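1. Got a predicted structure here, sequence first:
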Amino acid sequence: MARNGLGVWCGLSLVCSCGVAASVAVGSQDVPAALTPFDAPEGTVKVHGCFGDEHGHLEGGIHFIEQDPLVLELVEALERAQGAAHDNRVDIVFVGDGYTAGEMAQFHADVDRVLDTFFFYEPFKSYEPYFRITRVEVVSNESGVDNDPSQGIDRDTALDMGYWCSGIERLLCVNVSKAYTAAFMGGVDVDQVIAIANSSKYGGAGYPSNNLGTVAGSNAFAADIGIHEFGHSFGDLADEYTYGGPQTYNGPELSPADVSIFDRSEQISMETKWWRWMDASMSGFDGPTSTYEGGNYSEFGVYRPSNNSMMRNLGRPFNLPSAEEILKKLYGGEVDPIDDGTPNGTELMEGDTAWVLPMQPLDHDLTVIWYLDDVIVPALIGETSVDIAMLGAMPGSELKVEVIDATPWVRNPDTRANRLTETRVFTIGGCVRDPDLTGDGELDFFDVSAFLQALANEDPIADFSGDGLYDFFDVSAFLQAMASGECVPA
Ligand SMILES: [Zn+2]
């Protein structure tokens, strides 16, 4: 089905299963150390695989699977080769595996189902225009993926997807190099890759360090797993369920925004983690917000912000601290509040128009504030364009515009100021002191007469030397301007 507001791209066909093998040259030396996931044993990559039981309760967690370190270098090389165009959107690229040439309609139907689920949940629902969805049609020789429905079934597919990854039935893995190579063939910016398997078997996986997730295309729960995994890979969020780890966590404070070793009163007194959100409830999110014991695979010693969020159970909303973190990531990397407009630093003349095109969430407008010499111009609040002539600004003045996402889903003032706000500054050009005092376009006796009159009256328009005094130096500067026939610029 057609989706409005999304730049849906499709049409590229890869005709053979080997056609997506890496075609970009990859050097074999100098793998940058910073690209290696620090928390995974050498030669492996951290993969999230969280799966629900029949009640949707999630379990599973972190797995380490073998991965060639050159994969990361390949992804970097692909980004360089593409030029990494910044399009002010989060680009999610869908690549399919196990879809034969005759099954492309199925591929698109499966992507549609995943997207419907994805944009059902806040904050993605309201921020849907911040995402650009691309689909790359990848043709496999055989239909379906490996180990589906049971172990030992091997299929010839383009991206080598398969269940029973690392011996775990529901862990659905993909050849990351092939998935990325296919994604970049879409010809667009690639921020997140979702590899979708032609399968109805329950499963999925998230590769946080690869910005990649896998999802089963036609399983009712799979799309929900997909958005849970996106919480891991995009929001760096932790699992909020309580099994799989030590019963009591005794380690240091955890880095994800949605788990903490500090309880409510400790968070408030230390002003840490989600202390600003205590008791908050908002439509579209799990709440009320407090500290609920249990999370990050342990029953005790760890707290989560709400009782039962998306990071704990399938089919649940995110909680508010998680949403704030997702918005922080959304604005911090791929999207700026001003989508287009007069470039920062432009000198504007009378007759020019300064303008901005703010990003447009579905549920609210961004706030637009204009300042003239650092003073808010009340009449221009919310305006997206300003006629400089109407502004009545003196040459040399500074015009500034601030575009702010004032969403109540962010409470950290630093996040608001540094990520949800974009500022552009312009200078007003033109003449500070124009010898054509009569304004008739002619420089003649009448201008001299008007100048002398203004000088005698100590009128600021006669202060041609700009020193606040009315003396010989003004006469000298005025005569010089007369002689050159030009005004004195700002
Ligand atoms: Zn998880």
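-> In hand now; what should we look at? Just so it is clear, the model here is predicted, and its values are computed rather than measured. Residues are numbered from 1 along each chain as shown.
2. burial of whichever residue of the stretch 351-490 of the chain sits closest to the ion, as a residue count?
-> Closest residue of the stretch 351-490 of the chain to the ion, CB to the ion: Trp409 (21.6 Å). Just so you know, the C-beta spots here come from the backbone N, C-alpha and C atoms, and that holds for glycine as well. Trp409 sits with 19 neighbouring residues when counted by other CB atoms under 10 Å.
3. Off-centre distance for stretch 49-69?
-> 25 Å (CA atoms, centre = their mean, to the nearest Å).
4. Does the ion have contacts with it?
-> Yes - using CB under 5 Å from the ion, stretch 49-69 comes into contact with the ion via Cys50.
5. residues from the stretch 101-250 of the chain in reach of the ion?
-> Near the ion, when you scan the stretch 101-250 of the chain using CB under 5 Å from the ion, you find Asp239.
6. Can you list the residue ranges for strands in the stretch 301-450 of the chain?
-> 338-341, 347-348, 353-358, 367-372, 375-376, 385-387, 398-404, 421-428, 431-433 (DSSP state E, counting those that start in this stretch).
7. and the last one, which strands flank it?
-> Listed by DSSP bridges, the sheet partners of strand 431-433 and their directions read strand 488-489 (antiparallel).
8. for the record, mean pLDDT for the strand it pairs with?
-> Across strand 488-489, pLDDT averages out at 63.
9. Could you give the average pLDDT over the helix or strand harbouring His108?
-> Using DSSP states H and E, His108 falls within helix 104-118. Mean pLDDT, computed over helix 104-118, is 94.
10. Give me the buried positions along that helix.
-> Residues of helix 104-118 classed as buried: 104, 106-108, 110-111, 113-115, 117-118 (neighbour count, 16 or more other CB atoms under 10 Å).
11. which one is Gly96 nearest to, not counting chain neighbours?
-> Residue nearest to Gly96 in three dimensions, not counting chain neighbours: Phe107, with 4.3 Å by CB to CB, 6 or more residues apart in numbering.
12. no, scratch that, I was asking about Asp263
-> With CB to CB, 6+ apart, the residue lying closest to Asp263 is Thr291, at 4.8 Å.
13. Helices of the stretch 201-350 of the chain, start to end?
-> Along the stretch 201-350 of the chain, counting by DSSP state H, counting those that start in this stretch, helices occupy 222-235, 264-270, 320-329.
14. Please tabulate these in TSV, including the columns mean pLDDT.
-> Output for the helices of the stretch 201-350 of the chain, formatted as TSV (pLDDT from 0 to 100):
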stretch	mean pLDDT
helix 222-235	86
helix 264-270	98
helix 320-329	97
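15. can you list contacts of stretch 434-447?
-> Under the criterion CB atoms under 8 Å, 6 or more residues apart in numbering, residues 450-451, 454, 461, 478, 481-482, 485, 487-488 lie in contact with stretch 434-447.
16. can you do 10 Å?
-> 395, 448-451, 453-454, 459, 461-462, 464, 477-488 (CB atoms under 10 Å, 6 or more residues apart in numbering).
17. Pass me the low-pLDDT residue ranges in this protein, would you?
-> Applying pLDDT under 70 to the chain flags the ranges 1-40, 53-56, 81-85, 187, 488-490.
18. Of all residues in it, which one is nearest the centre?
-> Leu330 (2.7 Å; CA atoms, centre = their mean).
19. Bridged to the one residue in the chain that gets nearest to the ion, which residues?
-> Residue nearest to the ion within the chain: Cys50 (3.0 Å; CB to the ion). Judged by DSSP bridges, the bridge partners of Cys50 are Gly60.
20. Burial check on it, number of neighbours?
-> 24.
21. Go ahead and confirm it touches Phe221.
-> No - judged on CB atoms under 10 Å, Cys50 makes no contact with Phe221 at a distance of 11.1 Å.
22. So for these two, which residues contact both of them?
-> Contact criterion CB under 10 Å, 6+ apart; residues shared by Cys50 and Phe221: 204, 314.
23. Quickly find the element holding Phe94.
-> Using DSSP H and E, Phe94 maps to strand 90-97.
24. what angle separates that strand from helix 222-235?
-> Interaxial angle, strand 90-97 versus helix 222-235 (axes from the mean of the first three to the mean of the last three CA atoms, to 10 degrees): 140 degrees.
25. Which other helices and strands does strand 90-97 contact?
-> Counting contacts by 3 or more CB pairs under 10 Å, 6 or more residues apart in numbering; DSSP states H and E, strand 90-97 packs against helix 104-118, strand 131-138, helix 176-184, strand 192-197, strand 212-216, helix 222-235.
26. List the strands paired with that strand, with their directions.
-> strand 131-138 (parallel), strand 192-197 (parallel).
27. tell me the most buried of those?
-> Across the strands paired with strand 90-97, the average number of neighbours (mean count of other CB atoms under 10 Å) peaks for strand 192-197, which reaches a mean of 28.
28. Export only the CA atoms of that one, formatted as PDB.
-> Taking C-alpha atoms only, strand 192-197 is exported to PDB below (Å, rounded to 0.1, in the frame of the first residue of the first chain):
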ATOM      1  CA  GLN A 192      19.800   2.200   9.600                       C
ATOM      2  CA  VAL A 193      19.400  -1.100   7.700                       C
ATOM      3  CA  ILE A 194      16.600  -3.500   8.300                       C
ATOM      4  CA  ALA A 195      17.000  -6.900   6.800                       C
ATOM      5  CA  ILE A 196      13.600  -8.500   6.400                       C
ATOM      6  CA  ALA A 197      13.400 -12.300   5.900                       C
END
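29. relative to strand 212-216, how tilted is it?
-> Using the same axes, to 10 degrees: strand 192-197 against strand 212-216 is 30 degrees.
30. thinking again about what came up before, redo the strands paired with strand 90-97 as a markdown table? Include distance to Cys431.
-> Shown next, in a markdown table, are the strands paired with strand 90-97 (distance: least, CB to CB, whole Å):
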| stretch | distance to Cys431 |
| --- | --- |
| strand 131-138 | 45 |
| strand 192-197 | 52 |
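31. In PyMOL, how would I select just the buried ones from the contacts of stretch 434-447?
-> In PyMOL, a selection of the buried entries from those looks like this (16+ other CB under 10 Å):
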select buried, resi 395+448+450+451+454+462+464+477+478+481+482+488
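32. taking the contacts of stretch 434-447 one by one, which sit in helices?
-> 448-451, 453-454, 477-484 (DSSP state H).
33. farthest-separated two in the residues you listed?
-> Greatest spatial distance among those (CB to CB): Gln453 and Ser484, at 22.2 Å.
34. Which strand residues bridge the closest residue in space to Asp146 that isn't next to it in sequence?
-> Spatial nearest neighbour of Asp146, chain neighbours left out: Gly162 (2.9 Å); criterion: CB to CB, 6+ apart. Applying DSSP bridges to Gly162 gives these bridge partners: Asp146, Cys173.
35. show me the residues around Gly162 that make contact.
-> 97-98, 144-148, 151, 153-155, 171-175, 197, 199, 203, 214.
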